[in-house]
Structure formats: structure tokens, C-alpha cells
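how does the following fold in three dimensions:
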Amino acid sequence: MAQNVIINGVTYQSVPEVDIPKSGGGTAKFYDTASADVSGADLLTGKTAFGASGAVSGSMANNGGTGGTISTKAGTVTIPAGYTTGGTVAISSTEQAKIVASNIKSGVTLLGVAGSLALPSISQDSTTKILSIS
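Purely as a prediction, here's the structure:
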């Protein structure tokens with residue numbers, strides 16, 4: 001954020017940063033961090049940023065890639081708190097192989113697969129009390 005800066009009694013308007021030459025070469029850069037709201041939980045472990053109160057060390061875990069498979073109806077995959085580069089969670093291939101039209105009742109769609117299994121109809125003759133399955 002740009003600020004007004006006074007150097008040797010001279011006011012400079014809307015200065016976004018101050019660069020000061022260093023004796024060994026190069027420059028030191030200074031920024032106004034008064035409005036910074038970074039916390040350790042916002043930064044990966046081993047990283048440092050500067051906030052309104054000075055240096056802030058990171059405490060967020062770097063979990064890299066995550067993923068997993070779900071193999072039961074109530075199965076879940078827990079993604080740990082922290083940073084992740086992404087990943088995939090999927091139904092296990094064993095369970096995917098079972099999700100075919102012939103295993104699903106006709107008229108029911110399960111996970112995008114429309115069922116084709118025709119169930120037998122059962123009827124009862126009201127006079128003879130005989131069940132017939134067709």
C-alpha cells in the first residue's frame with residue numbers, strides 16, 4: 001500500500017516501497033506491512049513472510065499429493081489439513097466392476113449407470129391361491 005514518506009524533511013507522496021542502496025552493492029527494499037494479516041497457519045512450514053508485527057514463520061503441513069480409494073458404501077477418504085498439490089479420490093476398481101446395468105434394477109440409475117435388470121413379477125390368482133412367477 002502506498003504511503004507518504006518523509007526523507008530529510010522532504011515528503012514524498014504515495015510511495016509503494018523504499019529502495020536503499022547497500023554498501024556492498026544492491027538495494028534493500030522496504031514495504032509497509034501495517035495492513036498485512038498473515039499468520040503461521042497461512043504459510044508452509046519452513047517459509048517466512050513479514051506481517052504487521054514482523055517476521056512470521058510458517059506452520060502449515062505440506063502434504064504433497066493426496067488421494068485414495070473408496071471400497072465400501074460408507075467408505076470415505078480423509079484429506080489431511082494443510083497444503084496439497086491435489087489428487088484423486090475414486091471408487092475402487094473392484095467396486096466399479098460391479099456397477100453395471102445388468103446388476104441394477106430397471107428404472108434405477110446408480111452413479112450414472114441406468115439399470116437393465118428385469119425383476120420377475122409375482123401374481124396371485126384370487127380364486128385358487130396359486131402364486132405364479134414370470
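
which parts of this protein are helices?
Here the chain has its helices, by DSSP state H, at 93-96.

now do the contacts for the closest residue to residue 86 other than its chain neighbours.
Spatial nearest neighbour of residue 86, excluding adjacent residues (C-beta to C-beta, 6 or more residues apart in numbering): residue 65 at 6.5 Å. (Each C-beta comes from the backbone N, C-alpha and C, glycine too.) Residue 65 sits next to 84, 85, 86, 87 when contact means C-beta atoms under 8 Å, 6 or more residues apart in numbering.

quick one: which of these sit in strands?
Residues from these lying in strands, with DSSP state E as the criterion: 86, 87.

just the buried ones out of the contacts of residue 65, please.
Among those, not one counts as buried by 16 or more other C-beta atoms under 10 Å.

let's have the contacts of residue 65 in a markdown table, adding pLDDT and distance to residue 121.
Formatted as a markdown table, those follow (pLDDT from 0 to 100; distance: C-beta to C-beta, whole Å):
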| residue | pLDDT | distance to residue 121 |
| --- | --- | --- |
| 84 | 95 | 51 |
| 85 | 94 | 54 |
| 86 | 93 | 49 |
| 87 | 93 | 47 |
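
for the contacts of residue 65, which one is nearest residue 71?
residue 87 (16.9 Å; C-beta to C-beta).

ok, and the closest non-adjacent residue to that closest one?
What sits nearest to residue 87 in space, not counting adjacent residues and going by C-beta to C-beta, 6+ apart, is residue 67, at 3.6 Å.

and that neighbour, how far is that from residue 57?
According to C-beta to C-beta, to the nearest Å, residue 67 and residue 57 sit 29 Å apart.

now do residue 85
From residue 85 to residue 57 the distance is 22 Å (C-beta to C-beta).

pretty sure the residue nearest to residue 87 is touching residue 89, no?
Yes - using C-beta atoms under 8 Å, residue 67 and residue 89 qualify as a contacting pair, with a distance of 6.0 Å.

any common contacting residues for those two?
Here residue 67 and residue 89 have residue 77 as joint contacts, going by C-beta under 8 Å, 6+ apart.

any stretches of the chain with poor pLDDT?
Within the chain, the stretches with pLDDT under 70 are 126, 128-132, 134.
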